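Visitor: 3D, please:
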Amino acid sequence: MVHSSQSLPPLDTLETFARAARLGSFSAAAEEGGVTHGAVSRQISRLERWMGVRLFLREARGVTLTPEGMRFFRRAEEALALLGDMDERWLPRRSKTVVRLSVTPSVASLWLFPHLQTLEANDIHLDLVLEHRLADFGEGIDLAIRCGKGPWAGVRSLPLWQEKLFPIASPALAARLGGRSDARSLLELPILHDSNIEAWRRWLASEGIDYVPRGQDRRFEDYNLVIDACVQGVGIALARPPLADAALASGRAVAVSDKTIDHHVAFHLIRPNDALKGAAAEFAQRFLREAGHDEASIAGFVAPGRSRG
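Guide: All right, here's what the predicted structure looks like:
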């Protein structure tokens, strides 16, 4: 097995590993942890990939620790006991109900955090799971926000915003254009984009340019890094309202063309088809109101039962 270069094991897998080791069963560990058998199996596999060794022997009647697993179990128990004895715990106040939201870092930093006080109010604590992979609702996730075309099988989703994309730059970089806004002038400067370059290709194609990323252009995994690089004058980005609204409102970024295109994908709020628990339904309603949805679409999203779409 290939060992990861990270200096620490995936901390979210330790409790699952210790529970499975203590109970001798992935199924029993899943039941005690309130997750699915598949979620336990994936977390153990993830930890084994990090360790570079097998921690369990899978048998017909359960699982048993390998010698390496036994050694690591002792260490894991010590680590969990130490964390459990900490005076200052990272726990929500007991007066609040926890809602777990799986979200990409860009949406969290550029939209969610400015609205967090309104969304949580005095009764909800939002537990953020920052990730890009598909959300696994079997791992205790209540809601998720992802970008794509949708809809997706097995879940219910609602598009959040219709994004009108247009090029932006820092004021200093915009001054170098001297008022020019045509595509060929913009390409004199570095282009910034996230993991999906299709938006820039579509914007430039409207002026007959077949865009291929160049050495001077820069790609970032998260859109919040695209915005950060843009306001620092690294290059030109496409604004994705409302994620780019704060940078534009503050003057840290300015439009360098008034030509817009509709984004070919959208951010969606996603939920499992199973009925939402009360706090998750309440949070979803607050979130969708903040995002500008009408009451009919909100009611349809939080209603119990399976989607017919």
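
Visitor: how about the strands of the chain, start to end?
Guide: 56-59, 62-65, 97-103, 124-130, 143-148, 155-159, 164-169, 192-193, 218-219, 237-239, 254-255, 261-262, 266-272 (DSSP state E).

Visitor: angle of the fourth one against strand 97-103?
Guide: Following axes from the mean of the first three to the mean of the last three Cα atoms, to 10 degrees, one obtains 30 degrees for the angle between strand 124-130 and strand 97-103.

Visitor: Turn the strands of the chain into JSON lines, including distance to Gln285.
Guide: For the C-beta atoms, the positions are set from N, CA and C on the backbone; glycine is no exception. JSON lines is the format used below for the strands of the chain (distance: least, Cβ to Cβ, whole Å):
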{"stretch": "strand 56-59", "distance to Gln285": "42"}
{"stretch": "strand 62-65", "distance to Gln285": "42"}
{"stretch": "strand 97-103", "distance to Gln285": "12"}
{"stretch": "strand 124-130", "distance to Gln285": "11"}
{"stretch": "strand 143-148", "distance to Gln285": "11"}
{"stretch": "strand 155-159", "distance to Gln285": "12"}
{"stretch": "strand 164-169", "distance to Gln285": "26"}
{"stretch": "strand 192-193", "distance to Gln285": "34"}
{"stretch": "strand 218-219", "distance to Gln285": "36"}
{"stretch": "strand 237-239", "distance to Gln285": "28"}
{"stretch": "strand 254-255", "distance to Gln285": "33"}
{"stretch": "strand 261-262", "distance to Gln285": "27"}
{"stretch": "strand 266-272", "distance to Gln285": "11"}
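
Visitor: Could you pull out the helices in the stretch 1-150 of the chain for me?
Guide: In the stretch 1-150 of the chain, the helices defined using DSSP state H, counting those that start in this stretch lie at 14-23, 26-33, 37-51, 67-84, 105-107, 113-120.

Visitor: Kindly reformat these as TSV containing distance to Phe283 and mean neighbour count.
Guide: Shown next, in TSV, are the helices of the stretch 1-150 of the chain (distance: least, Cβ to Cβ, whole Å; neighbours: other Cβ atoms under 10 Å):
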stretch	distance to Phe283	mean neighbour count
helix 14-23	25	20
helix 26-33	23	19
helix 37-51	22	19
helix 67-84	27	14
helix 105-107	15	21
helix 113-120	6	13
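
Visitor: relative to helix 37-51, how tilted is the lowest-mean-pLDDT helix or strand in the chain?
Guide: For the chain, counting by mean pLDDT, DSSP states H and E, helix 67-84 ranks last in confidence among helices and strands (a mean of 81). Interaxial angle, helix 67-84 versus helix 37-51 (the same axes, to 10 degrees): 100 degrees.

Visitor: and the angle for helix 67-84 with helix 14-23?
Guide: Going by the same axes, to 10 degrees, helix 67-84 makes 120 degrees with helix 14-23.

Visitor: by contact count, what packs against helix 67-84?
Guide: In terms of contacts (3 or more Cβ pairs under 8 Å, 6 or more residues apart in numbering; DSSP states H and E), helix 67-84 is packed against helix 14-23.

Visitor: The helix it packs on to helix 26-33, inter-axis angle?
Guide: Using the same axes, to 10 degrees: helix 14-23 against helix 26-33 is 120 degrees.

Visitor: Of all the strands of the chain, which one is nearest Ala183?
Guide: For those, the distance to Ala183 is smallest for strand 164-169, at 9.0 Å, taking Cβ to Cβ.

Visitor: Tell me which residues touch Pro241, please.
Guide: Remark: with contacts taken as Cβ atoms under 8 Å, 6 or more residues apart in numbering, Pro241 is in contact with Trp161, Glu163, Lys164.

Visitor: My error: substitute Ala281 in the last question.
Guide: Val302 are the contacts of Ala281 under Cβ under 8 Å, 6+ apart.
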